[in-house]
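Chemist: from the sequence below, what's the structure:
(one chain, ligands or ions: 1)
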Amino acid sequence: VATRSFLPQSVTPSVVAHSHPFPIADVLGLPIASVTYDQVLAYLDNCLAAKRKTFCVTLNLDLLRLTTEKPNFYKAVKHCDFVFADGMPVLWLAGMNKQNPPLPERVAGCDIAHDLCHLSHSKGYRLFILGAASGVADLAVEKLRAELPHLQVAGTYSPTFSELQNTTQSQAIVDRINAAGTDILLVALGAPKQELWIARNLTSLDVGVILPCGGSIDFIAGVQKKSPQWIGKLGLEWLFRMICNPVRLFDRYIIHDLPFLLRACLQVLNAKERA
Ligand code: UDP
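Modeler: Have a look, this model is predicted:
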């Protein structure tokens, strides 16, 4: 008899988010947990131990902008289980509203992804990597295994665009993830595709912690350069990434995110004046 399941035991699967124990800050209508890095990690470890399915979103400025442009993305982020602030601009915006509990620090999604791999190594949780370009997830696993010999890899899979759009093919991916006995699912498909795919398939995913992790697998595999931590602390990781990858990221950061940050600041200040 299989005892291992993250799916609800009721006949009708519930898609209602469970509530976490942390105070919530409101940033443009989204609930951001007021947590330290270590609290996030300990909480996710508990979710895995308690077999509680937990869909996290690591909210940075680019994701926040996308939530204001795409209603279905806003809905996916709003109704996931656990949103934490992955970027100084999100901390700044939260801090501008004094009714918010303080957000103690940035919780970088790529560091959480890496530490979930450590949990797999130390506690035997099975890790599945969905996404990243073909071969990159396997390269990441190879690099990780040199550092974490007991890493438990349930599988890797790099889906095509059409597979992600097609319901039957997506269900086949979900079946593959479930059959592999996955505890931790890292989804590296870029935002908002990764969060939307998870939200669409959440009910049938029988896994513990689900983390959309963007370029984290590229960093682990060494195919993209990760910024030093002090740059992230200054809120300048975007600048580092843009210098490494100007053609792809200039538009995102300079044309879209920078003006959005100014608009978002004004919106928060206006809301404060009206309150
Ligand atoms: N990616 C993918 N399929 C796609 C789009 C992106 O596997 O259809 C992968 C891409 O190879 C990279 C990861 O998603 O490994 C993150 O993409 P991106 O760099 O855009 O995310 P970011 O971290 O910049 O938000």
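
Chemist: pull out the buried positions in stretch 223-236.
Modeler: For stretch 223-236, the neighbour count (16 or more other CB atoms under 10 Å) marks 226-227, 232, 235 as buried. Bear in mind the C-beta positions are built from the backbone N, C-alpha and C, glycine included.

Chemist: quick check: closest non-adjacent residue to residue 150.
Modeler: Spatial nearest neighbour of residue 150, excluding adjacent residues (CB to CB, 6 or more residues apart in numbering): residue 121 at 4.8 Å.

Chemist: that older thread, dump the buried residues of stretch 223-236 into CSV; add secondary structure and distance to residue 137 as well.
Modeler: Shown next, in CSV, are the buried residues of stretch 223-236 (DSSP: H, G, I helix; E, B strand; the rest coil; distance: CB to CB, whole Å):
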residue, secondary structure, distance to residue 137
226, coil, 16
227, coil, 21
232, helix, 23
235, coil, 29
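
Chemist: helices of the stretch 51-200 of the chain, residue ranges please.
Modeler: Applying DSSP state H, counting those that start in this stretch to the stretch 51-200 of the chain gives helices spanning 61-69, 71-78, 88-96, 109-123, 136-147, 161-165, 167-179, 193-201.

Chemist: thinking again about what came up before, tell me the one of the buried residues of stretch 223-236 nearest residue 244?
Modeler: Nearest to residue 244 among these: residue 227, at 8.4 Å, using CB to CB.

Chemist: these two touch, right, that closest one and residue 241?
Modeler: Yes: judged on CB atoms under 8 Å, residue 227 makes contact with residue 241 at a distance of 6.7 Å.

Chemist: so who does residue 112 touch?
Modeler: With contact set as CB atoms under 8 Å, 6 or more residues apart in numbering, residue 112 has these partners: 37, 40-41, 44, 56, 58, 211, 213.

Chemist: from the residues you listed, list just the buried residues.
Modeler: Neighbour counting by 16+ other CB under 10 Å classes 37, 40-41, 44, 56, 58, 211, 213 among these as buried.

Chemist: those in strands, which ones?
Modeler: In this view, the buried ones among the contacts of residue 112 that belong to strands under DSSP state E are 56, 58, 211.
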